[in-house]
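**Student:** Got a predicted structure here, sequence first:
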Amino acid sequence: MIEAQGLTKRYGSKTAVNDISFTVQPGKVTGFLGPNGAGKSTTMRMIVGLDRPTHGTVTVNGRPYAQHRSPLTEVGALLEAKAVHTGRSARNHLRALAATHGIPEKRVTEVVAMTGLDGVARRRVGGFSLGMGQRLGIAAALLGDPRTLILDEPVNGLDPEGVLWVRNLVKYLASEGRTVFLSSHLMSEMALTADHLVVIGKGRIIADGPVSDVVARATRSTVRVRSPQATQLAQLLAGPEVTVNPVEPGVLEVLGATSEGVGETAAAARIVLHELTPVTGSLEDAYMSLTQDAVEYHSATVPGTATTAQEQSA
């Protein structure tokens, strides 16, 4: 378990993390989301003692990281995959880490195989691709068979097979009762992987809860209707709490009503429906809505592309 209480980090006049409190529970995958510069990496560094908090505390399995007698067996961390001696082979890098904790050579062989590095384990790390470096970083995080895993952008640079492997791996580790805390900018992947979300913006927590709850609170559900009598149906549905938007000829987007309600209204008026589909918001929609006021680096709109209000504000 990871517990942060009033965690704050200042660098001179800049506050990178501002009085945040959250808990990462064992037995589930907790995703850590936020725009660039939001404070994600700083928070993760404070968890493993690489940065000292200005105020507040953070503990892993009941105590600060530095107080664990055998850190690698308590916490496995991937924060910067390139933080490796480039002249060493992958195997020797792992052997050196293992030696600091008395971890047997057998475990090095296991994590090399587990992460798909068998064929390159004796090659120098300086010649590794980005994806191979990520696999080595994950192997190092798994080396001590830790109860807690902290992974910063673990799928960065991985091919589709590697991304699927990471997804299955972290879900499996969580199913064993371990604590898994990972960040990613890939919303589609986080939606498939995470059980719980902590969203940070400008150094503050802006959402903390199960994925479904975060998405439900930050997005609106709509109903998509296709009918040859769309105009008549729109007139019947429109009201103080229901908004009907024509999407294209014969197609309506209904806000403020359920698919059951739309269907019953159509049936009562003997209106033919060719489609009646409830549409829920995506994690990407929720993320854009939650962080629209917390983005430090704004991109220009690409000419000729259609954008939503959320995309324009991001």
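**Tutor:** Done, it's in. Nothing here was measured: the structure is a model prediction, and the numbers come from that model.
**Student:** only C-alpha atoms for contact and neighbour calcs from this point on.
**Tutor:** Will do.
**Student:** Let me know how buried the closest residue to G87 other than its chain neighbours is, in neighbour terms.
**Tutor:** Spatial nearest neighbour of G87, chain neighbours left out: R124 (5.6 Å); criterion: CA to CA, 6 or more residues apart in numbering. Using other CA atoms under 10 Å, R124 is surrounded by 17 other residues.
**Student:** R124 reaches S89, doesn't it?
**Tutor:** Yes - R124 lies in contact with S89 (CA atoms under 8 Å); the separation is 4.1 Å.
**Student:** Of all the helices and strands in this protein, which has the lowest average confidence?
**Tutor:** helix 309-313 (a mean of 39; mean pLDDT, DSSP states H and E).
**Student:** so what's L142 up against?
**Tutor:** In this structure, L142 makes contact with G76, V111, L149, judged by CA atoms under 8 Å, 6 or more residues apart in numbering.
**Student:** try 6 Å this time
**Tutor:** G76 (CA atoms under 6 Å, 6 or more residues apart in numbering).
**Student:** Per the annotation, how does this protein divide into domains?
**Tutor:** Using automatic domain parsing, the domain parsing of the chain gives 2-210, 220-279.
**Student:** any idea how far T86 is from the residue nearest to G87?
**Tutor:** Using CA to CA, to the nearest Å, R124 is found at 6 Å from T86.
**Student:** and what of G34?
**Tutor:** Counting by CA to CA, the separation of G34 from T86 is 31 Å.
**Student:** ok, those two, which is more surrounded?
**Tutor:** Just comparing G34 and T86: by other CA under 10 Å the higher neighbour count belongs to G34, 26 against 14.
**Student:** what's the burial count for the closest residue to that one other than its chain neighbours?
**Tutor:** Closest residue to G34 apart from its sequence neighbours, by CA to CA, 6+ apart: I200 at 4.9 Å. Residues within reach of I200, counting by other CA under 10 Å, total 24.
**Student:** If I200 is in a bridge, with which residues?
**Tutor:** I205 (DSSP bridges).
**Student:** Could you tell me how many residues sit around V247?
**Tutor:** For V247, using other CA under 10 Å, the count is 13.
**Student:** So which bits of the strand or helix carrying it are buried?
**Tutor:** Here V247 sits within strand 243-248, counting by DSSP states H and E. Judged by neighbour count (16 or more other CA atoms under 10 Å), strand 243-248 contains these buried residues: V244.
**Student:** tell me how far that strand is from the chain's mean position?
**Tutor:** How far strand 243-248 lies from its chain's middle: 33 Å, per CA atoms, centre = their mean, to the nearest Å.
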